[in-house]
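**Q** got a structure for you, letters missing:
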């Protein structure tokens, strides 16, 4: 299995669509890094990852807005194409399995809108809150164990 993990800021607001009866949240994440090239000059490179999060749990969609800092994890894919100069290029894509909001929009340098976001993790295969509450109620407390 190949797993891709990326931490970065969203480049634009997410798009929530329904495809063949299933929900998909599309968004793009930018990761920038600074480095020195061979001549010693300071450079900056930004890598964009186009993300698709297939899930029935779409409550995160309103928080996936331009500038939001996120952690996303999933399976990578690369699509090749010819750019405007007719040179080979590629797009890095990821089918997201897990996403976490890491900070507020104001912390990421964008002071528009609300500065509070939930600190939640959204997993495409995670049980719902009701299922989590039921399973936690069924478990025995740790101090009732016989040993």
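**A** On my side now, so go ahead. In this text the structure is predicted, and so the values were computed from the model without any measurement. Numbering: from 1, shown residues only.

**Q** Could I get the full set of helices for the protein?
**A** 129-138 (DSSP state H).

**Q** Where does pLDDT dip in it?
**A** The model of the chain has pLDDT under 70 over residues 104-147.

**Q** try 80
**A** The model of the chain has pLDDT under 80 over residues 103-147.

**Q** the strands in it, which residues?
**A** 4-10, 15-19, 22-36, 42-54, 69-82, 88-101, 121-123 (DSSP state E).

**Q** Put together JSON lines for those, with mean neighbour count on each row.
**A** C-beta: built from backbone N, CA, C; applies to glycine. Converted to JSON lines, those look like this (neighbours: other CB atoms under 10 Å):
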{"stretch": "strand 4-10", "mean neighbour count": "18"}
{"stretch": "strand 15-19", "mean neighbour count": "11"}
{"stretch": "strand 22-36", "mean neighbour count": "15"}
{"stretch": "strand 42-54", "mean neighbour count": "15"}
{"stretch": "strand 69-82", "mean neighbour count": "15"}
{"stretch": "strand 88-101", "mean neighbour count": "17"}
{"stretch": "strand 121-123", "mean neighbour count": "17"}
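
**Q** closest to residue 62 out of those strands?
**A** strand 15-19 (9.1 Å; CB to CB).

**Q** Could you tell me the angle between that closest one and strand 42-54?
**A** With axes from the mean of the first three to the mean of the last three CA atoms, to 10 degrees defining the directions, strand 15-19 sits at 40 degrees from strand 42-54.

**Q** could you list every residue that touches the most centrally placed residue in the chain?
**A** Centroid-nearest residue in the chain, with CA atoms, centre = their mean: residue 72, separated by 3.3 Å. By CB atoms under 8 Å, 6 or more residues apart in numbering, residue 72 lies in contact with 5-6, 29, 49, 51, 53, 94, 96, 98-100.
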